[in-house]
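**Student:** I need the structure of the sequence given here:
(chains A, B, C and D)
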Number of protein chains: 2
Amino acid sequence: MDRKATIYDIAREAGVSTATVTRVVRRDPHVREATRLKVQQVIDAHAYTPSLSAQNLEGGRSRMLAVVLPVISNLYFNRILDAAYWEAERNGCSIRLFQTMENQAISPELVNELIRCRMDGVLFAGSIWSADREDLNSALSRLGKYMPVATICPPDVSLECICIQSDLVNCSRLPVRHLHTLGHRRIAFLGGSMHSKDTSRRGAGFLEQLRLMDLPDDPAYHVDAGYDMESGERAILRMLSGLDASRWPTAIVTFNDLVALGVMKQLKKMGLSLPRDMAIIGCDNQFFCAYTDPSLTSVDLHPEEMAQSAVRELLLARESSARSFAMVREATLVVRESCGAQLGFRKL
Amino acid sequence: MDRKATIYDIAREAGVSTATVTRVVRRDPHVREATRLKVQQVIDAHAYTPSLSAQNLEGGRSRMLAVVLPVISNLYFNRILDAAYWEAERNGCSIRLFQTMENQAISPELVNELIRCRMDGVLFAGSIWSADREDLNSALSRLGKYMPVATICPPDVSLECICIQSDLVNCSRLPVRHLHTLGHRRIAFLGGSMHSKDTSRRGAGFLEQLRLMDLPDDPAYHVDAGYDMESGERAILRMLSGLDASRWPTAIVTFNDLVALGVMKQLKKMGLSLPRDMAIIGCDNQFFCAYTDPSLTSVDLHPEEMAQSAVRELLLARESSARSFAMVREATLVVRESCGAQLGFRKL
DNA sequence: GCGGTTTTTGGAAAAATCTGCAAAAAAGCG
DNA sequence: CGCTTTTTTGCAGATTTTTCCAAAAACCGC
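**Tutor:** Model (predicted):
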C-alpha cells in the first residue's frame, strides 16, 4: 500500500505553503492563476485527495448521518434507507447504517457510538417505539446535545426531536372504509405482535374505525401474528380454525404485505378463492403487490418521502439551533384486485 | 449543541496526563487501580467518548469498508449489503454504502472518494463488469495501491483483486438439467439485457447447456428482457405472440425472480395454468419465491455467503500484503412447485 | 535506607487539515 | 518612483488522539 501524499508533500513540491494548497483544493478565488495552475499540476501528478479524517477533525463535522433501523432486509426499511441515502448524497453527506434487529430500545452503546463518530445527525426508524418512554426520551435528549435527532415514528409519540410521523390514522381508516363500502361487515386485523406498542397502536386504530362504523369488533378477529409471511400463514389458520365458519370474517386487514402474502397462501391452501371468498388488504404497498394473485390492495405510508423529509430537516437543524416539531405524510390506499373492487364484487 | 469534552478536559480534571486517560479508555493494564478509578469517574461524569476522526487520523485507518453496488432496493444486492454489514460489524468495522445505479463503470470520482475516505477496503458487486476491461483493471489497481479490493463477479472475470466468483455455470446448468429430467425439450431463456456482459454470459451458459443436452436453441427462445417484473411481463408476451403456439417453449428460465414474477402474471393473464401449461424457473431464491402461486423454483447463488467471504478476505488482506485470488460459492437449485416436479408432472 | 527492578506516569511529537491574521507582493495612480 | 490600495501568500495555532521514550514513583530484598 502506498503512503498517501499529504498536503505537506504537495506544498513542498509546488513551492508554496499548505494554506495555498488548501485554497486551490477548495477553489478559493484568492489565488493567482499562475499559482493555481502550478499547484493543481502537482495535485494531479500525485492524485492527491485531502484526508477526510483530518478535515473532519479540524472542522468538527463528519458529513455523515446515521440511520438506525431494525433490519434492511425488510422492504419498508430498505426504502427508508434508500431514500435517506439519496437525499444525503444530494447534500454531500453519507449514511452510516445501524441495524438494531429486534432490539426494542436504544442501547447506551449505540448512543456512545453515535457520539464517538460525531455524526452530523441521526435518524431513528422503527421498533424502538416500544421502549420505555422515559428511557427513550433520555437517550434522545442525551443525543440531542451532540447532534440533531429525527425519528420516523407513530403519530402519538411526541419526542423531543424532529418527528416525522407516519399516518397510522389513515392506515387503519382507509382499509376499513374501503371494505365497508364494498359491503364487508366482519373485518379482521392480523399481524404485528401485541406487546409491541407500534402494533397495538395500529390494532387500536383499527378497532376504533370498526366502532366508528358500527362494525363488530369481535376479539377473535384480532390476532397476534408477527411481521412475516410464515406468521401470517400460521395466524390466519389459527384464527379460522378457532371459529365456526358462519362467524368467519369476510375481509382481512394485515399488518403488512408480507403477512398478507402468508395469509393469501394459506387461504388458497384451504381452497378459498380470492377475492371472492375473502377480501384482503396489506400495508406498505411493496413492489410485489401488483404481482401477487390476485394483486394486493395495500396502504402506502410513503416511507421514501418521510425519510427524505427527515434527512432534509436534519441537515437544516445542523445549522440552525436545535428544533423539535412534528409533521405527517398522509397515507394513501392503493386499490388492486384483492378486495374485488375492480371486479365489481360486493358482499351481500 | 454542547461542545464535547476532549481528552484534555478529562486529563486536567482528573489531574493526570492525556496519555493516562488514553490508557484508561483503552483498558491498558499499565495503570494503577487508584488512578484508573479516578479517571474513569471523570470520564463517566462527562460521558466522554474519544473522537473517531482523531483516532482515525492518528491511526491512519478508518475501520470502514466501502460496499459499492448498483441499488440496494434490488433484493440480491440488499442481501449482499446485509451480510457484509454483519460480517463487518463482527469485526468492529462499519460499512459505507455507494450506489452506482445503472452506471456501467467505476467512475474516477468514486475512486477518489474512496481514497479520500481512507477506506480500509472496498467490495464491488454487480453491473460494473460491463465496463471496458482495461478501464476496470486500471481503476482497481489504482485503488489497490491504497486499500484491499474485493469483487463479487462472474467466474470468467479475473481481476487483479480478491474475486468472489458467482457460480454462473451451475446457474445455467441446474435449471436446464432439472427441466430436462422433467421431460421438457423446448426451453426458453428470458431476461437481462443483451448489451450487458453479465447477462450475455448467463445467456451463453444457458445456450451451452442446451447444446450439451441436444436441445433446440431456437434464437426465438432467447429474448432481451431487462431485470424487473414489467420487463418480464412484456418480454414473455413479445416472445409468445411472435411464435406459432405449436412452437411455444414448454419451460421458461428467467434472469431473476422478479422477471419470473412478471412472466407468471402475464401467463396467467393469457389463461395458462402453471405449472401444467408452462414450467418456470427463476434465479436468486428470493423470500417471496415460496409465496407465489405456484411457488417458484429458483437458483440460489448464495450472495450472503459471498459477501461474508469478501468482507472476511478484505479484513485479512488489511494485515497481510495485498492478495489476489479467486473463489467460488457453488449455486444450488431450490425446487418448488413452478415446474411441477413436486406434483409429479412430466412433459410428454 | 539503599541499590536494583518493575510498574506507572508524563512530555512531546506526530497524524493531516483549515483558518485568522499579518506580511509580502502586485497593482494603480499621480 | 514612491505612496496607497488591493490582492496573494505564509505563518502559526487549533483540532483530538495516540505512541514512544524517558522520567518518576513504587516495590523488593537485604
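**Student:** got the residues of chain A near DNA strand D?
**Tutor:** Proximity of chain A to DNA strand D is assessed by Cβ under 7 Å from any atom of the strand, with A:15-20, A:23, A:29-32, A:34-35, A:54, A:57-58, A:60 identified as the residues in range. (C-beta placed from N, C-alpha, C; glycine too.)
**Student:** Let's see that with 10 Å instead.
**Tutor:** Contact residues of chain A with respect to DNA strand D, defined by Cβ under 10 Å from any atom of the strand, are listed as A:7, A:11, A:14-24, A:28-36, A:38-39, A:53-60, A:116, A:118.
**Student:** could you pull out the helices for the stretch 201-348 of chain A?
**Tutor:** If DSSP state H, counting those that start in this stretch is used as the criterion, the helices of the stretch 201-348 of chain A fall at A:229-241, A:257-269, A:303-319.
**Student:** neighbours of the residue in the stretch 101-250 of chain A that DNA strand D sits nearest to, just the number please.
**Tutor:** Residue nearest to DNA strand D within the stretch 101-250 of chain A: residue A:116 (8.2 Å; Cβ to the nearest atom of the strand). By the criterion of other Cβ atoms under 10 Å in any protein chain shown, residue A:116 has 16 neighbours.
**Student:** wait, isn't it in contact with residue B:54?
**Tutor:** No: with contact defined as Cβ atoms under 8 Å, residue A:116 does not reach residue B:54; the gap is 10.3 Å.
**Student:** circling back: filter the residues of chain A next to DNA strand D down to just the ones in helices.
**Tutor:** Judged by DSSP state H, the subset of the residues of chain A next to DNA strand D located in helices is A:7, A:11, A:14, A:18-24, A:33-36, A:38-39, A:53-59, A:116.
**Student:** got the residue ranges for the strands in the stretch 151-300 of chain A?
**Tutor:** For the stretch 151-300 of chain A, applying DSSP state E, counting those that start in this stretch gives strands covering A:162-166, A:187-190, A:222-223, A:251-254, A:279-283, A:297-300.
**Student:** Listing partners with orientation, what would you give for the fourth one?
**Tutor:** The partner list of strand A:251-254 in its sheet, established with DSSP bridges, is strand A:187-190 (parallel), strand A:279-283 (parallel).
**Student:** Repeat that for the shortest one.
**Tutor:** Applying DSSP bridges, strand A:222-223 is found paired with strand A:187-190 (parallel).
**Student:** hey, C-alpha coordinates of the strand it pairs with in CSV?
**Tutor:** Presented in CSV, the C-alpha positions along strand A:187-190 are these (Å, rounded to 0.1, in the frame of the first residue of the first chain):
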residue,chain,number,x,y,z
ILE,A,187,-63.4,-7.5,9.2
ALA,A,188,-60.4,-9.0,11.0
PHE,A,189,-57.0,-7.5,11.7
LEU,A,190,-54.0,-9.7,11.6
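**Student:** starting at the chain centroid, how far to it?
**Tutor:** In this view, strand A:187-190 has its centroid 24 Å away from the chain centroid, taken as Cα atoms, centre = their mean, to the nearest Å.
**Student:** State the number of residues packed around the residue lying closest to residue A:107 once chain neighbours are set aside.
**Tutor:** What sits nearest to residue A:107 in space, not counting adjacent residues and going by Cβ to Cβ, 6 or more residues apart in numbering or on different chains, is residue A:100, at 7.8 Å. A count of nearby residues for residue A:100, using other Cβ under 10 Å, gives 19.
**Student:** Per-residue confidence, residue A:100, what does it come out as?
**Tutor:** Predicted confidence (pLDDT) at residue A:100: the value is 90.
**Student:** Equivalent analysis for residue A:343, please.
**Tutor:** What the model reports as pLDDT for residue A:343 is 63.
**Student:** by how many degrees do whichever helix or strand residue A:84 is part of and helix A:303-319 diverge?
**Tutor:** When elements are assigned from DSSP states H and E, residue A:84 belongs to helix A:75-90. Orientation note: helix A:75-90 sits at an angle of 40 degrees relative to helix A:303-319 (axes from the mean of the first three to the mean of the last three Cα atoms, to 10 degrees).
**Student:** Mind checking if whichever helix or strand comes after helix A:75-90 is in reach of chain B?
**Tutor:** Once the chain leaves helix A:75-90, the next helix or strand it forms, by DSSP H and E, is strand A:94-99. Yes: Strand A:94-99 reaches chain B (Cβ under 8 Å from any Cβ of the partner chain) through A:94-97, A:99.
**Student:** Please apply the same query to stretch A:62-70.
**Tutor:** Yes: legend: contact between stretch A:62-70 and chain B by Cβ under 8 Å from any Cβ is shown at residue A:62.
**Student:** so does that stretch get close to DNA strand C?
**Tutor:** No: if you take Cβ under 10 Å from any atom of the strand as the test, stretch A:62-70 misses DNA strand C, and the best it gets is 11.5 Å.
**Student:** so how far is residue A:140 from the residue of the stretch 201-348 of chain A found nearest DNA strand D?
**Tutor:** Nearest to DNA strand D in the stretch 201-348 of chain A, going by Cβ to the nearest atom of the strand, is residue A:318, at a distance of 16.6 Å. Applying Cβ to Cβ, to the nearest Å, one obtains 17 Å for the distance of residue A:318 from residue A:140.
**Student:** Can you list the low-confidence ranges for the stretch 201-348 of chain A?
**Tutor:** By pLDDT under 70, the low-scoring segments of the stretch 201-348 of chain A are A:321-322, A:342-348.
**Student:** With the stretch 51-200 of chain A instead?
**Tutor:** Scanning the stretch 51-200 of chain A residue by residue, the ranges that satisfy pLDDT under 70 are A:104, A:127-131, A:156-158, A:193-200.
**Student:** let's see 90
**Tutor:** For the stretch 51-200 of chain A, the stretches flagged by pLDDT under 90 are A:59-63, A:74-75, A:92, A:101-113, A:115-118, A:126-146, A:153-161, A:166-173, A:190-200.
**Student:** and it, which of its residues are near chain B?
**Tutor:** Of all the residues in the stretch 51-200 of chain A, those lying near chain B are A:51-54, A:56-57, A:62, A:71-73, A:78-79, A:81-82, A:85-86, A:94-97, A:99, A:112, A:115-118, A:142, A:145-147, going by Cβ under 8 Å from any Cβ.
**Student:** Mind giving me the PyMOL select for the residues you listed, buried ones only?
**Tutor:** Remark: buried members of these, expressed as a PyMOL selection using 16 or more other Cβ atoms under 10 Å in any protein chain shown:
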select buried, chain A and resi 51+52+53+54+56+57+62+71+72+78+79+81+82+85+86+94+95+96+97+99+115+116+117+118+142+146+147
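**Student:** and the nearest residue to the residue of the stretch 101-250 of chain A closest to DNA strand D once chain neighbours are set aside, how many residues sit next to it?
**Tutor:** Using Cβ to Cβ, 6+ apart and skipping the chain neighbours, the partner closest in space to residue A:116 is residue B:49 (4.2 Å). When neighbours are defined as other Cβ under 10 Å, residue B:49 has 19 of them.
**Student:** Let me have the helices of the stretch 201-348 of chain A in TSV, extended by distance to chain B and mean neighbour count.
**Tutor:** Rendered in TSV, the data for the helices of the stretch 201-348 of chain A read as follows (distance: least, Cβ to the nearest Cβ, whole Å; neighbours: other Cβ atoms under 10 Å in any protein chain shown):
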stretch	distance to chain B	mean neighbour count
helix A:229-241	5	20
helix A:257-269	5	24
helix A:303-319	9	21
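**Student:** Nothing else from me, thank you.
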